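# mind looking at a prediction? Sequence and model below.
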Amino acid sequence: EVQLVESGGGLVQAGGSLRLSCTASGFTFDDFAIGWFRQAPGKAREGVSCISSRGGTRYYADSVKGRFTISRDNAKNTVYLQMNSLKPEDTAVYYCNARRERVDYWGQGTQVTVSS
C-alpha cells in the first residue's frame, strides 16, 4: 500500500520555525520527485517547494525563498521541509506529493498555524 505521511505541523508564533517531515512507503521512493504544497482556507492549493529524486535540483516558490529549505534522505524514505521565519500567511495545511511521470501520490496533510 502506498503511503505518504506528513508530520511536524503545529502552532508557532510569527518568526518561529517548524520542520515538516514526509515519510513514504509502498513505492520506490528514490525514483520520485517530492513536492510540498499548501492550502489555506478559501484558497487554492499552491506549490511551495520540490526536490528531484536524487536531491540535485530544488525549487522554491517566491513567497518562501530564503526562509524554507527542502531536503531528502532516501535511506529513510523521508523528505523534510525546514521552515524558518514563519509568517501568519504561511498558515495552511501542508501536503506532501510524490511524482514520477504520470504517477502521483498525495499525503493527508499536516496543519501549520502561525500566530501573529
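Received, thanks.

# for this protein, which spans come out with low pLDDT?
Along the chain, no part satisfies pLDDT under 70.

# show me the strands in it, by range?
3-7, 10-13, 18-25, 33-39, 46-51, 58-60, 68-73, 78-83, 92-100, 103-106, 110-115 (DSSP state E).

# quick check: closest non-adjacent residue to the residue most central in space within the chain.
Computing the C-alpha centroid of the chain and ranking residues by CA atoms, centre = their mean puts residue 36 first, at 3.0 Å. Taking CB to CB, 6 or more residues apart in numbering, and ignoring the residues beside it in sequence, residue 36 has residue 48 as its nearest neighbour in space, at 4.5 Å. Bear in mind the C-beta positions are built from the backbone N, C-alpha and C, glycine included.

# what distance do you get for that neighbour to residue 40?
Distance, residue 48 to residue 40, by CB to CB, to the nearest Å: 11 Å.

# burial of the spatially closest residue to residue 18 that is not a sequence neighbour, as a residue count?
What sits nearest to residue 18 in space, not counting adjacent residues and going by CB to CB, 6+ apart, is residue 83, at 5.0 Å. Neighbours of residue 83 under the rule other CB atoms under 10 Å: 27.

# so residue 83 versus residue 49, what's the distance?
Separation of residue 83 from residue 49 (CB to CB) stands at 10 Å.

# wait, isn't residue 54 in contact with residue 30?
Yes. Between residue 54 and residue 30 there is a contact at 7.0 Å, judged by CB atoms under 8 Å.

# okay, and the common contacts of these two?
Applying CB atoms under 8 Å, 6 or more residues apart in numbering, one finds that residue 54 and residue 30 are jointly contacted by residue 74.

# excluding its backbone neighbours, what's nearest residue 96?
Here the residue nearest residue 96, using CB to CB, 6+ apart, is residue 22, at 3.4 Å.

# what about the one you found, how many residues nearby?
26.

# what does residue 42 give?
Residue 42, neighbours per other CB under 10 Å, totals 5.

# likewise residue 18?
What residue 18 shows, counting by other CB under 10 Å, is a neighbour count of 20.

# who are the contact partners of the spatially closest residue to residue 61 that is not a sequence neighbour?
Spatial nearest neighbour of residue 61, chain neighbours left out: residue 48 (5.5 Å); criterion: CB to CB, 6+ apart. For residue 48, the contacting residues are 35-38, 60-61, 64, 68, 81, 94, by CB under 8 Å, 6+ apart.
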